[in-house]
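Colleague: The following comprises the amino acid sequence and a computationally predicted model.
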Amino acid sequence: MSVYIRRLLWLAMMFCVFIVIAGLVSVGINSLFESTQTRLLASSAVQGIVGFAGAAYFAVKRYHPDACRYLGLTGRVGWRPLAGVILVFILGLPLLNWLVAVNESVTFPTWIGGLEGQLREWENAARVMTEEMLGVVSLSGLILNILIIGVLTGFCEEVFFRGATQQMIGEVPVLRGGSAVWIAAIIFSAAHFQFFGFIPRMMLGVFFGYLLLSTGSLWPGIFAHALNNSLVVLTIWFEHHGNILGFLQTCGVPEDGGFPWMAIVSALMLATFFVYWYNWFFVPQIKEGE
């Protein structure tokens, strides 16, 4: 067995161990709270810190003394990658919404209709839990949700799926570069156990992965992940205040099954950006003499 496979197995084992520890800690912490919403937030925070970030750090630490450097958490990040992330989200939102709608509308053949029913049950259960966790109306609740679901979850998942998983996969000689990005993105999406959101989540994972591959830093991907999660939190919060941001979920999705013109335009604009501007925003600019 090659050293690269052993490292990946070690990461998987650390994840299993730490996710069990996170579950046990969550049981203890949840006994302190009466509110279901608070319990879910606390469990999410513990799962992220212990199950994802903790597992990644200790798995990497065994082979690399400077685990933070390996994970891409050291070094400075300029304004360009962050601005580029915002621009990509603006340009790509209609396309992402359309992908979400297409994935949600997938139907299975009748001979495996039972599987579709089971998957939709899991999907609905996850949706109910999300609504329970994010269904707050106060400003303080919104801020707390952004900090935990947006920032903390974005950070912890990037540390595990990109900082550790993608980079360990990328150490395998035949899986370097883009292959590692796509494999890690598939694992990232599958780990959420939501089939009817698999494709858009995978594509987000691909974007996060290429940010790490291009910049050499995990922080642009963390920023992008946190931004995506925070937009979801904001959208749900505004649904309780007149649905002011409802267009964030509907732009790009044609009414009555019409042709997705806005999504097509979004895809073309993204393609133009990636061809002509990607390097300027996301590839570090090497100054002469460095």
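Modeller: Nice, I can see it.

Colleague: buried stuff in the helix ranked longest in the chain?
Modeller: Determined from DSSP state H, the single longest helix within the chain is helix 3-30. Under the neighbour-count criterion of 16 or more other CB atoms under 10 Å, helix 3-30 has 4, 7, 8, 10, 11, 14, 15, 18, 22, 25, 26, 30 buried. All C-beta spots, glycine's among them, are computed from the backbone N, C-alpha and C.

Colleague: wait, what's in contact with the second one?
Modeller: With contacts defined as CB atoms under 8 Å, 6 or more residues apart in numbering, the neighbours of residue 7 are 59, 63, 168, 171.

Colleague: Can you check the pLDDT for the closest residue to the second one other than its chain neighbours?
Modeller: Among residues not flanking residue 63 along the chain, residue 7 sits closest, at 6.0 Å (CB to CB, 6 or more residues apart in numbering). Reported pLDDT at residue 7 in the predicted model: 94.

Colleague: List the buried residues for the worst-scoring helix or strand of the chain on mean pLDDT?
Modeller: Between all helices and strands in the chain, the lowest mean by mean pLDDT, DSSP states H and E belongs to helix 247-250, at a mean of 79. Residues of helix 247-250 classed as buried by neighbour count (16+ other CB under 10 Å): residue 249.

Colleague: Equivalent analysis for stretch 30-40, please.
Modeller: Neighbour counts over stretch 30-40 (16+ other CB under 10 Å) mark 30, 37, 38, 39, 40 as buried.

Colleague: Which two among these are spaced furthest apart?
Modeller: 30 and 37 (11.6 Å; CB to CB).

Colleague: For residue 238, list the residues it contacts.
Modeller: By CB under 8 Å, 6+ apart, the contact set of residue 238 is 244, 245, 246.

Colleague: sorry, back to before: how close does the residue nearest to residue 63 get to residue 162?
Modeller: Distance, residue 7 to residue 162, using CB to CB, to the nearest Å: 16 Å.
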